[in-house]
Every structure is written in structure tokens, then in C-alpha cells.
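[1] got a predicted structure plus its sequence, pasted below:
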Amino acid sequence: MERRLSRILISAVLLMLASGSIADISARDRNEFRFWQGSELRLTWGAMPLDAVTLNNVMAGGYAVYGYGTIAGEIANSRYYGGDGYLSGAIGLTYTYRFRKWFELSGVVTYSGYYRDYFDKYTGNLAFKSNDNQISVMPYVRFVWVHTNLVRLYSGIGLGVSFLTETGQRGTDMTLLPAFALTPIGITVGTFVYGIAEVSLGNTGMFSLGIGYKF
């Protein structure tokens, strides 16, 4: 009796395992799990990008009008005061091609800006405008570790260059800087038109939201 019961239990377990395997194969053949190569466009906005614009004007408290800590510079600086400063955040446009279910290659362009007016404290009149603008261009590799047609979870990394222009009372300076983006986790939700959320470190912003389109 015990042997028969054991055989029945073993047979039941094997049947369940076999059924589960068949169901898994069947699920992977369903349309929502199928992969096809193709292109995508993404438009994103990222808060607090780790770039020169943010570092100079927020984390470092802004730069001086004349600057450099000289006596003449401090005297000149004392004549002006700055109004409210405005950060644009990181505005990004991305083209992506899906080579494999797990591998996507992108080209990313981001813009980050800071705008502030400076006034003469004796007259109250506008003295000059200060604008910082940074454009970054980089290739970006994305590794997808959960993939359905509705939801994707991924990580990614990118490395490129930035063009920084700083315009103030002394004119305009241009600087070439490195650009990067490291994304521990990102998610897209949707089919052909989808929403995007990412946590990143670099020029694309610390937290990003956006919209994408597959074609």
C-alpha cells in the first residue's frame, strides 16, 4: 500500500513538472514574449544631472561675477547681485536600435542649462545675463534583463563628450568635457508608445521620466 502511494505521489510530481515545463514553453511562444528587431525614439527629462552646469551653479553655489578671489574681483562683485537662477534639468533625445532581446544600442543627446540675471545694486537695473549651456553626445549600451512587449527592465552605460558654454559679463567661454551615464535600473511600460522611468548617475539626470516610440 505504501509503495503504491509513493508511486502515485512521484507520478503526480513528475506530471506537474512536465505540465509546468510545457506551460512555460507555451508562454514564451505567446506574442507578448516575442522579440523583433527595430528602432525607437525616446524623449526624456532628468532631474539633477551630474554635469558642469549643475555642479557650478547648484552644488558649488554658483560662480563669482569677476571671481578668482582677488581684491579687485571682490570689490567688483560687491556691485552686483544675482536674481533667481533657473535650471532646465537634462532634456534628452535618444535613438535606439534593438539588436537582441537583451541588447540595445543607443545614441543619446542631452541638453542642460542654467539662467540667471545680475543687477546693479545701486541702480536696480539689469547689468547682464549669465547663461550656462551644456550639450552632451554619447553612445549608450542597454542590457535588458526582463523583457515582454509591455514591460522591460534594464541597466545601461554610456560614455561620450560634452560641449559647455558659459556666458557672463566677461563674455563667453567654451569647454570640452567628458560625458557619461550609468543606469543601475530603468523601466519602460507600454507597447509601441511607452512610458520611461530611470535611476541614473551622470549627464542624463539622477531621476528621469519620459516617453518612447517603437517603429
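    Sure thing, it's come through.
[2] gap between the nearest residue to Val189 once chain neighbours are set aside and Val58?
    The shortest distance from Val189 to any residue other than its chain neighbours is 5.1 Å, reached at Gly195 (CB to CB, 6 or more residues apart in numbering). Placement of C-beta: from N, CA and C, glycine included. When distances are taken as CB to CB, to the nearest Å, Gly195 and Val58 turn out to be 27 Å apart.
[3] what does Trp102 give?
    37 Å.
[4] try Tyr140
    Distance check for Tyr140 against Val58: by CB to CB, it reads 25 Å.
[5] cool, and Tyr80?
    For Tyr80, the distance to Val58 (CB to CB) stands at 20 Å.
[6] which of these two has more neighbours?
    Tyr80 (17 against 13; other CB atoms under 10 Å).
[7] bridge partners for that one, pull those for me.
    Taking DSSP bridges, one obtains Asp120 as the residues bridged to Tyr80.
[8] just checking, it touches Lys129?
    No: applying CB atoms under 8 Å, one finds Tyr80 not in contact with Lys129, separated by 11.8 Å.
[9] shared neighbours of those two, anything?
    Overlap of the contact sets of Tyr80 and Lys129 (by CB atoms under 8 Å, 6 or more residues apart in numbering) consists of Tyr118.
[10] quick one: the strands in the chain?
    Per DSSP state E, the chain carries strands over the ranges 38-47, 80-87, 90-98, 103-120, 126-147, 151-168, 171-190, 193-202, 207-214.
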